[in-house]
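# model this:
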Amino acid sequence: MQFSIVFKTIGLLLMVFSLTQLPPILVDIIYQQNETHSFVAAFSLTFVSGLLVYLPVRKSTKAFRIREGVLVVVSFWFVLSLFATTPFLLSEALNMSFSDAFFESMSGLTTTGATALSGLDDLPKSILYYRQQLQWLGGMGIIVLAVAILPMLGVGGMELYHAESSGISKDRLTPKLTQTAKALWKIYLSFTLICALAYYFAGMDLFDAIGHSYSTVAIGGFSTHDLSIGYFDNAVIELVAVVFMFLAGINFSLHFFVWRKKNVLAFFKDSEFQAYSLMLIVLLAVVSLFLFISGQYQTMSEALRYGVFQSVSMATTTGFASTNFLLWPVILPVLLIFSSFIGACAGSTGGGIKVVRMLLVFKLAMKEIKKFIHPNAQINIKLNQRSVGESTLISVWGFFSLYMIAFALIMVALMFTGMDQITAFSATAASINNLGPGLGAVAENYGAINEAAKWILSFSMLLGRLEILTLVALLHKAFWRF
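Residues are numbered from 1 along each chain as shown. Now for the predicted structure:
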C-alpha cells in the first residue's frame, strides 16, 4: 500500500472541501444571524488540516493503483463527514452532541436525508443552507468532482473513478476522465439551476428554491422545514419536485447521450429506463388507487396528487414528504419502504440496489425457470439488445448477496441496541438505501434513538453510498497484503 499518495490526495481534497464552508458565511451575512464564526472556524480547521496532511508527502510521485483508490474513497467519505460536523458542533442554535453532528453530516453527504434535528423552521438560515449544500455535494460524489480537479494538481483520478462509480457499467462518456467528470457536473449544475428556477416560479422564495433544488437533484430529501414539501401545500411545487426527482433518478450517462444525440427517444430505447418508468407507473397507480378506494381521500385528483408524489419520492430514495403518509393504511408505508430497495437507476444520484441490478436478477430468475422447463435450451440474458456476460451476472449476484447479508447484520445490531423490530427494519432500509424516512421510533426524525444506533446507521449510510463492495473490500484481509 502506497500511503504517501493516499495522504497527498486526502490532503488536497480536504483543502478543496474547505472552500465549501464559505458560501454559508455569505448566507449568514445576508440574514445576520450570528453564525459566521462557526463557518470561519470550520473553514480554517479543514484547510489547515488538509495542508498539514498534504505538505509532508507533496513531492510523492508514486502511481495510483486500485487499492489506493478504494482507500481514498472510503477514508475520504469518513474524514469529510468528520470535518463537516464542525459547524453543527460550534453553532449555539443547535447544541448537538458529536454523535448527532456526525450522523447529520454523514446523512447529508451520502444523500440519505435522515435527520437528528427538529424545529428546522426556527434554525439559522446558514445552517439550513449548509445542510442542503452537503447533500448537493454528495449527490454526484465529491470524488467525481475531484477527478476533474486533481489532474490539474498532478494527481491522477482513474482509480478513484472506478472505486466511486455506481452500477454495473463504468463506461466513460468521453475519452478523457477529466472531461467525463466535467460533463457529469455540467448536467448536474444545469438540472440544479433549472430546478431552482422552477421552484421559485412555482411559489417558493429564493432561499427555499435554491435549498430544495440542491436536495431534489441530489435525491437527498433534506428540507428547510419540518413538514418538508408539505410545508408549502402547493400542487405546482409538488409537480416540479416529481419531475426533477424522476429526472435525477435516471442514469446521468443516459442524460449525456440524449443531449449529445439531441434525441429524446434514446431514453425509451434503454432497458433500465424502461424498467424504471414501468416500476414507477405501477407503484403510483397502486398507491393512488388504494388511497381513493380506502377513502383516505375523497376525490381521485387528491389521491393522485399525494400518491404520485410520495411514490416517486420514496421509490427514487429522495425521501421528501408532501403529507404525513404514515397515517395512510399500513400497507402503503411498508410498500413505499420496499420500493426504495429497488431505488433509482445506476449512475444516478439515487440509492437502493439500483434498477438495472434488480432487472438482471429478475431476468436470471426467468432464465432458471425456462432452464427447468427446457434443460437443454441456450438462453441469453440481454440488456439493450446485447448479451450480458457471465462475469457481470456473477457480480450482480455477489452484490445482491452482500447486500442481504449486510442488511441482516445491521438490523440485528440495531435490535441489540434496544430497537424494536419495525423501527430496526425501517431504519436499516432507510439508511442502507440512502432513503431517510423510516417507521416506528424514526418516523419523524432520528433524534430520539441512542448514540450506538446512530453510529451503526452512519456506517450503514456509508455502506449504501459506496454500494457495499468498496467498503467491504477495505475490510477484507486480502486488501492489506503488500
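
# tell me, what residue is most central in this structure?
What sits nearest the mean C-alpha location of the chain, by C-alpha atoms, centre = their mean, is Thr111, with 3.6 Å.

# the residue nearest to it when sequence neighbours are not counted: how many residues sit nearby?
Of all residues not flanking Thr111 in the chain, Gly220 sits nearest, at 4.1 Å (C-beta to C-beta, 6 or more residues apart in numbering). C-beta coordinates here come from the backbone N, C-alpha and C atoms, glycine included. Using other C-beta atoms under 10 Å, Gly220 has 34 neighbouring residues.

# my guess is Gly220 contacts His212, does it?
No: in this structure, Gly220 is not within contact of His212 by C-beta atoms under 8 Å, at 9.8 Å.

# just for the protein, where's the confidence low?
1, 63-65, 142-178, 479, 481-482 (pLDDT under 70).

# ok, which stretches of the chain are strands?
382-383, 386-387 (DSSP state E).

# which other helices and strands contact the first one?
If I follow you right, that is strand 382-383. Under the contact definition 3 or more C-beta pairs under 8 Å, 6 or more residues apart in numbering; DSSP states H and E, strand 382-383 sits against helix 271-293, helix 355-373.

# show me how far the longest one is from its chain's centre.
Computed by C-alpha atoms, centre = their mean, to the nearest Å, the separation of helix 271-293 from the middle of its chain amounts to 22 Å.

# one more: stretch 328-347?
The answer for stretch 328-347 is 15 Å, by C-alpha atoms, centre = their mean.

# for stretch 2-14, same thing?
Chain-centre distance of stretch 2-14: 24 Å, with C-alpha atoms, centre = their mean.

# also stretch 229-248?
That offset, for stretch 229-248, works out to 18 Å (C-alpha atoms, centre = their mean).

# quick one, what contacts Ala114?
103, 107, 319, 430-431, 435-438, 442, 445-446, 457, 461 (C-beta atoms under 8 Å, 6 or more residues apart in numbering).

# so of these, which ones are in helices?
103, 107, 430-431, 457, 461 (DSSP state H).

# farthest pair within those?
Greatest spatial distance among the ones in helices among the contacts of Ala114 (C-beta to C-beta): Phe103 and Ala430, at 12.5 Å.

# list the contacts for Ser401?
So Ser401 contacts nothing (C-beta under 8 Å, 6+ apart).

# how close does the most far-flung residue of the chain relative to its centre sit to Lys125?
When distances to the mean C-alpha position of the chain are computed (C-alpha atoms, centre = their mean), the maximum falls on Asn376, with 43.1 Å. Asn376 is 68 Å from Lys125, where distance means C-beta to C-beta, to the nearest Å.

# where do the helices sit along the stretch 301-450 of the chain?
For the stretch 301-450 of the chain, applying DSSP state H, counting those that start in this stretch gives helices covering 331-342, 355-373, 390-416, 421-432.

# from Phe362, how far off is the residue farthest from the centre of the chain?
For Asn376 relative to Phe362 (C-beta to C-beta), the value is 23 Å.

# repeat for Phe267
Phe267 is 21 Å from Phe362, by C-beta to C-beta.

# now Ala443
From Ala443 to Phe362 the distance is 31 Å (C-beta to C-beta).

# quick one: which of these two has more around it?
Between Ala443 and Phe362, Ala443 has the larger neighbour count (other C-beta under 10 Å), namely 16 against 12.

# quick check: phi and psi on the more buried one?
phi -70, psi -40 (degrees, to the nearest 10).

# i'd like the first residue to be 363 from this point on
Sure, I'll start counting at 363 from here, so that last one is Ala805.

# would you confirm that it contacts Leu688?
Yes: Ala805 lies in contact with Leu688 (C-beta under 8 Å); the separation is 5.3 Å.

# quick one, helices of the stretch 463-612 of the chain?
In the stretch 463-612 of the chain, the helices defined using DSSP H, counting those that start in this stretch lie at 487-502, 504-511, 520-526, 539-564, 568-579, 597-610.

# for these, which one sits closest to Leu776?
Short answer: helix 487-502, nearest of the helices of the stretch 463-612 of the chain by C-beta to C-beta, at 23.1 Å.

# now for that closest one, which elements pack on it?
helix 385-393, helix 398-416, helix 448-452, helix 460-471, helix 539-564, helix 568-579.

# so Phe761 is in contact with Ile830, correct?
Yes: the pair Phe761 / Ile830 is scored as a contact, 6.5 Å apart, by C-beta under 8 Å.

# let me see the contact set for Ala658.
Slight slip there: residue 658 is Gln, not Ala. 652, 665, 690-691.

# again, 7 Å this time
Gln658 sits next to 690-691 when contact means C-beta atoms under 7 Å, 6 or more residues apart in numbering.

# quick one, which of the helices of the stretch 663-812 of the chain is nearest to His399?
helix 783-794 (32.1 Å).
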